[in-house]
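>>> structure of the sequence below:
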Amino acid sequence: MTVTPTRTLAAHLAPLLPVRVVAAAARAVYPRFEPELARLADLCPPGCGTAVDVGGWYGPWTRRLAGRARQVVTVEPVPHLARLLTSAAPPNVRVVQAAASDRPGTARLWLPADDAGDRGVSSLVRRDIHARALHVPCVTLDELGLRDVGFIKIDVDGNELAVLRGATGLLARDRPALFVELECRIQPITPVVTYLSLLRYEGWVLPGSSWVPLAKFPLEAHQASTSHVVAQGLLGRVLPFRRHPRYVNSVLFLPDGRRPGADAVRHHGSHAARQAPR
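Coordinates of the predicted model:
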């Protein structure tokens with residue numbers, strides 16, 4: 001989850017409250033912050049075998065995915081967040097304390113100087129907001145032994161392409177729906193879109209009440225014109241008496257001509273493995 005790099009009111013208040021209270025509040029209001037989560041049926045209809053949450057944070061996606069998929073695997077590199085997710089997870093959730101990338105091993109996870117990971121801006125890709133690092137284990141999604149994957153959400157603040165490259169076999173075999181946070185202020189968007197187009201994935205965005213093909217929506221220009229919204233942080237953007245333009249920063253990628261809705265997740269089995277690009 002990408003929030004503002006500056007210290008917002010929520011960032012000041014959060015350390016004063018029990019972490020479980022903060023996590024529960026964040027999960028409760030998050031669909032207002034990221035409306036796609038309120039439309040989860042469009043992304044991950046019933047019948048999904050395994051859903052993957054890459055970058056679990058406080059678990060807003062993990063918790064709701066657990067109600068739609070038979071199994072949820074959440075990958076979260078920040079140690080205390082991974083422990084929190086594990087302690088509060090429904091029975092069908094498995095938490096992996098690691099960073100997803102394109103190769104296993106160990107890497108530096110960068111954080112702001114005054115943040116332990118709770119602001120949701122940690123990343124393997126260092127930016128100007130980052131001042132210190134933790135050494136964390138890295139995994140690829142391909143090595144986790146996942147089966148029947150129908151949906152993957154990726155929120156890693158700049159390391160998206162590496163996560164996808166580490167899931168090449170999984171994408172070819174299961175052809176899951178992908179929900180990827182992409183922000184041009186963090187990393188160029190084009191490499192991810194191009195990579196997935198080579199795998200026959202097409203993007204969709206939700207700027208209003210209807211899904212729009214990414215090819216018909218100027219995502220970079222939109223983000224540039226609404227970037228001031230980011231500075232409001234999570235709390236400022238969900239308060240009912242404050243109105244802001246929609247800031248679209250995530251893309252739903254579907255393979256093989258599928259569209260958002262009941263068709264977003266299908267069981268392709270060996271057919272997917274035969275038809276997927278090599």
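>>> show me where the protein has its strands.
48-54, 69-75, 93-96, 99-100, 105-111, 132-139, 149-154, 177-181, 201-205, 212-213, 250-255 (DSSP state E).
>>> mind putting these into CSV with mean neighbour count?
Where C-beta positions appear, they are placed from N, C-alpha and C, glycine not excepted. Shown next, in CSV, are those (neighbours: other CB atoms under 10 Å):
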stretch, mean neighbour count
strand 48-54, 26
strand 69-75, 23
strand 93-96, 20
strand 99-100, 27
strand 105-111, 17
strand 132-139, 16
strand 149-154, 26
strand 177-181, 25
strand 201-205, 23
strand 212-213, 13
strand 250-255, 24
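>>> dump those to a markdown table, plus mean pLDDT and distance to Arg63.
A markdown table is the format used below for the strands of the chain (pLDDT from 0 to 100; distance: least, CB to CB, whole Å):
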| stretch | mean pLDDT | distance to Arg63 |
| --- | --- | --- |
| strand 48-54 | 97 | 9 |
| strand 69-75 | 97 | 9 |
| strand 93-96 | 98 | 8 |
| strand 99-100 | 97 | 19 |
| strand 105-111 | 96 | 23 |
| strand 132-139 | 96 | 22 |
| strand 149-154 | 97 | 12 |
| strand 177-181 | 96 | 15 |
| strand 201-205 | 97 | 24 |
| strand 212-213 | 96 | 27 |
| strand 250-255 | 96 | 18 |
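>>> wait, which of those is closest to Val192?
Nearest of the strands of the chain to Val192, taken as CB to CB: strand 177-181 at 6.5 Å.
>>> other residues contacting that closest one?
Strand 177-181 has contacts (CB atoms under 8 Å, 6 or more residues apart in numbering) with 1-2, 36, 43-44, 150-157, 160, 164, 192, 196, 201, 249-255, 258, 264-265.
>>> Cys138 and Arg185, how far apart?
Computed as CB to CB, to the nearest Å, the Cys138 to Arg185 distance reads 25 Å.
>>> now swap in Gly59 and tell me
On the measure of CB to CB, Gly59 and Arg185 end up 25 Å apart.
>>> okay, the two: which has more neighbours?
Gly59 (27 against 13; other CB atoms under 10 Å).
>>> might one say that the more buried one is in contact with Ala82?
No - in this structure Gly59 lies outside contact range of Ala82 using CB atoms under 8 Å: 10.4 Å.
>>> alpha carbons only: can I get stretch 195-207 in PDB?
Extracted in PDB, the C-alpha atoms of stretch 195-207 (Å, rounded to 0.1, in the frame of the first residue of the first chain):
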ATOM      1  CA  TYR A 195       6.000  -7.500 -19.900                       C
ATOM      2  CA  LEU A 196       2.500  -8.500 -19.100                       C
ATOM      3  CA  SER A 197       1.300  -7.800 -22.600                       C
ATOM      4  CA  LEU A 198       3.900 -10.200 -23.900                       C
ATOM      5  CA  LEU A 199       2.200 -12.800 -21.700                       C
ATOM      6  CA  ARG A 200      -1.200 -11.900 -23.200                       C
ATOM      7  CA  TYR A 201      -2.400  -9.900 -20.200                       C
ATOM      8  CA  GLU A 202      -4.400  -6.700 -20.700                       C
ATOM      9  CA  GLY A 203      -5.000  -4.000 -18.100                       C
ATOM     10  CA  TRP A 204      -8.200  -2.600 -16.600                       C
ATOM     11  CA  VAL A 205      -8.700   0.300 -14.300                       C
ATOM     12  CA  LEU A 206     -11.500   1.600 -12.100                       C
ATOM     13  CA  PRO A 207     -11.600   5.400 -12.300                       C
END
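>>> who's in contact with it?
Counting by CB under 8 Å, 6+ apart, 35-36, 39, 161, 164-165, 171-172, 178, 193, 211-215, 217, 219, 222, 246, 248, 250-257, 259-260, 276-277 sit against stretch 195-207.
>>> I'd like the distance between Asn162 and Cys184.
In this structure residue 162 is Ala, not Asn. 18 Å.
>>> name the residue in those two with the higher neighbour count.
Taking neighbours as other CB under 10 Å, Ala162 and Cys184 compare with Ala162 leading, 20 against 16.
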